[in-house]
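S.K.: Build the 3D model from these lines:
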Amino acid sequence: MLLHSVILTNTWWAPTQRPVLSTLVRCFSTLSDSFASVSSHEASSRIDETCNDLLPWLEHKAGVGISSTLSIGKSSYGKALYAAENIQTGDCLLKVPYDVQLSPNNLPPEITCLLGDEVGNVAKVALLILREKELGKDSEWAPYIIRLPRLGELNNTIFWTDKELAMIRPSTLYKETLRQKTQIEKDFSAVKLAFSQFPDKFQDFTLQEFAHAYGLVTSRAWESSKGVSLIPFADFFNHDGTSESYVLSDETLKHTEVIADRDFALGEEVRIRYGKFSNATLLLDFGFTVSCNSYDQVRFELNIPHNDRLYKQKLEILDRHFTRSVKDVNVFNSSWNSFTIKEVPGGSRRRRKGVPQSLRAFGRILTCDSEQELNDLVTEAAQNDGRLARFPLKNRGSEIKAHRLLIFEISRLIEEYNNYIKLVVPSCSNLCGESVLRWRLAQELLTGEVRVLESASAWLENYCSAL
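M.R.: Modelled structure (predicted):
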């Protein structure tokens, strides 16, 4: 997934999307640190002197100023952007022209012509990174390329070992990680096949190196009308889920910019919001989680038992009526028998604020005991908006039965999650360094998704009690 920038024209604003896969730095700094007052001495101590030449180089390359308000600094987990002076709400923090952003257009024509449509833009920008790394100091992008995270420094789940991935098996993230790893291997094979025609013209690289470059793109690039782009300097912004600042793309002036959403004192870290992402999405794309993430959600699947005597009839009805379009950025994939559960507010008693209607409708269909009950649901749908089983069943006992089924299935999933959490805990004492971090990330992912499931179960219990 790529993050989207907000597109600016002379008449309206709309977001720039940025890919999701970033480094550890983007997650663990606390919000309290952001708002603390910072002395000039403390501010100067945070400056990353190894990056002092990056902004001047970029401004020289662009031929214009890019930022007078920000400087690259050090945080507990890596590079970050800090206020180089007092910043007020509405100030422009930076402007990066399109012509100093790295996109597939920067690939040499002789490489581009070899790559067919099956090689996507993310893979093409990954190839660009590999090419510029190979050029070393001769690369026109060298001051930027050498500041990117190195091999082994990313914590996205595509870089986890099989043993580490096993810690998150109950989560949808497990299968999505495997799917993304397969896609990377597919892109790698396509690229290697294209390059095999001219073995002396292109440098050789391994799957591991290609995957690392691929991860850099998905964690640091943005997607806009210009396509997939790495935006030097801007990609050092860390994530704050409460920020109202985004990366904006001005299509008229051909540059990317960020506007301050609040005041910042000298030395404060300045952050933006990548998007309203669940921990599963953040961990897949950026390699971090957020404590008590309000955007956490769980994909929940239900199936018709094969021994159900109405199996064929129910399957036919569901195939006919449950055609759904999923636009949620946190949903990896979807089918007619999968449902997205979000955290239900503790005091929510209104039906529209609880468990998804589509899931409850599915439960009503699963618990039908006769063809007549199924036909009644079809007739009811035809007389209303066409959606199946969206109204409470007229028989109170049947309505409770349908919701008790959901409670049972959710409780079973909660038990599976908790068993994995318990299994993982004892092994923590045998871990060290990177593995300890990934264990903590796995714990935060699983406990967050359990919280979502428990809130849904509690809502269903309250619903049944109120009938």
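
S.K.: Ends of stretch 76-90, what's the gap?
M.R.: Stretch 76-90 stretches 28 Å from its first residue to its last (C-alpha to C-alpha, to the nearest Å).

S.K.: Repeat that for stretch 87-106.
M.R.: With C-alpha to C-alpha applied, stretch 87-106 spans 34 Å between its terminal residues.

S.K.: Please point out which parts of that stretch sit buried.
M.R.: 87, 91, 93-98, 100-104, 106 (16 or more other C-beta atoms under 10 Å). Placement of C-beta: from N, CA and C, glycine included.

S.K.: same check, this time on stretch 123-140
M.R.: Quick answer for stretch 123-140 (16+ other C-beta under 10 Å): 123-133.

S.K.: can you put those residues in CSV and add distance to I146?
M.R.: Formatted as CSV, the buried residues of stretch 123-140 follow (distance: C-beta to C-beta, whole Å):
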residue, distance to I146
A123, 22
K124, 21
V125, 17
A126, 17
L127, 18
L128, 15
I129, 11
L130, 14
R131, 14
E132, 10
K133, 9
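
S.K.: Of these, which is the nearest to R309?
M.R.: A123 (49.6 Å; C-beta to C-beta).

S.K.: Could you give the number of residues near K312?
M.R.: K312 has 10 neighbouring residues, counting by other C-beta atoms under 10 Å.

S.K.: could you give the mean pLDDT of the helix or strand encompassing it?
M.R.: Per DSSP states H and E: K312 is located in helix 311-321. Per-region confidence: helix 311-321 scores 89 on mean pLDDT.

S.K.: got a list of contacts for stretch 386-395?
M.R.: Residues outside stretch 386-395 that contact it (C-beta atoms under 8 Å, 6 or more residues apart in numbering): 317-318, 321-322, 357, 360-362, 364-365, 377-378, 380-381, 384, 399, 402, 467.

S.K.: Provide the secondary structure category for I111.
M.R.: Following DSSP: H, G, I helix; E, B strand; the rest coil, we place I111 in the helix state.

S.K.: isn't it right up against L127?
M.R.: Yes. I111 is in contact with L127 according to C-beta atoms under 8 Å; the separation is 6.8 Å.

S.K.: Which pLDDT value goes with A123?
M.R.: 93.

S.K.: Check T112 too.
M.R.: Value for T112, per-residue pLDDT: 86.

S.K.: residues touching it, list them.
M.R.: 104, 124.

S.K.: what are the ranges of the strands in this structure?
M.R.: Assigned by DSSP state E, the chain shows strands spanning 3-8, 13-17, 70-75, 78-83, 92-97, 222-224, 227-229, 238-239, 248-250, 255-259, 271-272, 297-301, 338-342.

S.K.: and stretch 296-311, which residues are buried?
M.R.: So for stretch 296-311, counting by 16+ other C-beta under 10 Å, buried means 296-300, 304, 310.

S.K.: Would you reformat those residues as JSON lines and include distance to G215?
M.R.: Below are the buried residues of stretch 296-311 laid out as JSON lines (distance: C-beta to C-beta, whole Å):
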{"residue": "D296", "distance to G215": "23"}
{"residue": "Q297", "distance to G215": "24"}
{"residue": "V298", "distance to G215": "25"}
{"residue": "R299", "distance to G215": "23"}
{"residue": "F300", "distance to G215": "29"}
{"residue": "I304", "distance to G215": "39"}
{"residue": "L310", "distance to G215": "47"}
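
S.K.: Between which two of those residues is the distance greatest?
M.R.: D296 and L310 (35.1 Å).

S.K.: which one of the buried residues of stretch 296-311 is nearest K422?
M.R.: Using C-beta to C-beta, the buried residues of stretch 296-311 come closest to K422 at V298, 18.7 Å.

S.K.: quick revisit: among the buried residues of stretch 87-106, list the two that are farthest apart in space.
M.R.: Those two in these that are separated most widely, counting by C-beta to C-beta, are I87 and P104, at 33.8 Å.

S.K.: which one in this protein is furthest away from the centre?
M.R.: Q372 (44.4 Å; C-alpha atoms, centre = their mean).

S.K.: and that one, what pLDDT?
M.R.: pLDDT, read off for Q372, is 95.

S.K.: mind checking how far it is from A84?
M.R.: Counting by C-beta to C-beta, to the nearest Å, the separation of Q372 from A84 is 73 Å.

S.K.: helices or strands up against the helix holding K312?
M.R.: Here helix 311-321 touches helix 357-366, helix 371-383, going by 3 or more C-beta pairs under 8 Å, 6 or more residues apart in numbering; DSSP states H and E.

S.K.: So which bits of the last one are buried?
M.R.: I take that to be helix 371-383. In helix 371-383, counting by 16+ other C-beta under 10 Å, buried: 373-374, 377, 380-381.

S.K.: Any idea how far apart the tips of stretch 360-379 sit?
M.R.: 18 Å.

S.K.: Quickly list what's touching both of I111 and L127.
M.R.: Both I111 and L127 lack any common contacting residue under the criterion C-beta under 8 Å, 6+ apart.

S.K.: ok so, going back, dump the helices and strands packed on helix 311-321 to a markdown table, plus distance to E343.
M.R.: Shown next, in a markdown table, are the helices and strands packed on helix 311-321 (distance: least, C-beta to C-beta, whole Å):
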| stretch | distance to E343 |
| --- | --- |
| helix 357-366 | 15 |
| helix 371-383 | 29 |
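
S.K.: Tell me which of the ones you listed approaches E416 most closely.
M.R.: helix 357-366 (18.0 Å).

S.K.: what is the orientation angle of the closest one with helix 371-383?
M.R.: 150 degrees (axes from the mean of the first three to the mean of the last three C-alpha atoms, to 10 degrees).

S.K.: other SSEs contacting helix 357-366?
M.R.: Against helix 357-366 (3+ C-beta pairs under 8 Å, 6+ apart) you get helix 311-321, strand 338-342, helix 371-383, helix 396-427.

S.K.: Among the ones you listed, show me which one is buried the most.
M.R.: Among the helices and strands packed on helix 357-366, strand 338-342 has the highest mean neighbour count (mean count of other C-beta atoms under 10 Å), at a mean of 21.

S.K.: how far does it sit from the chain's center?
M.R.: From the chain centre to the centre of strand 338-342 is a distance of 17 Å (C-alpha atoms, centre = their mean, to the nearest Å).

S.K.: How many neighbouring residues does the residue lying closest to Q357 once chain neighbours are set aside have?
M.R.: In this structure, Q357 finds its nearest non-sequential neighbour in R390, 5.7 Å apart by C-beta to C-beta, 6 or more residues apart in numbering. For R390, the count of nearby residues is 16 (other C-beta under 10 Å).

S.K.: Nearest the geometric middle of this structure, what residue?
M.R.: Closest to where the C-alpha atoms of the chain average out (C-alpha atoms, centre = their mean) is T281, at 3.1 Å.

S.K.: any idea of the pLDDT on that one?
M.R.: With respect to pLDDT, T281 has a value of 94.

S.K.: How about the one 4 residues further on?
M.R.: According to the prediction, D285 has pLDDT 90.
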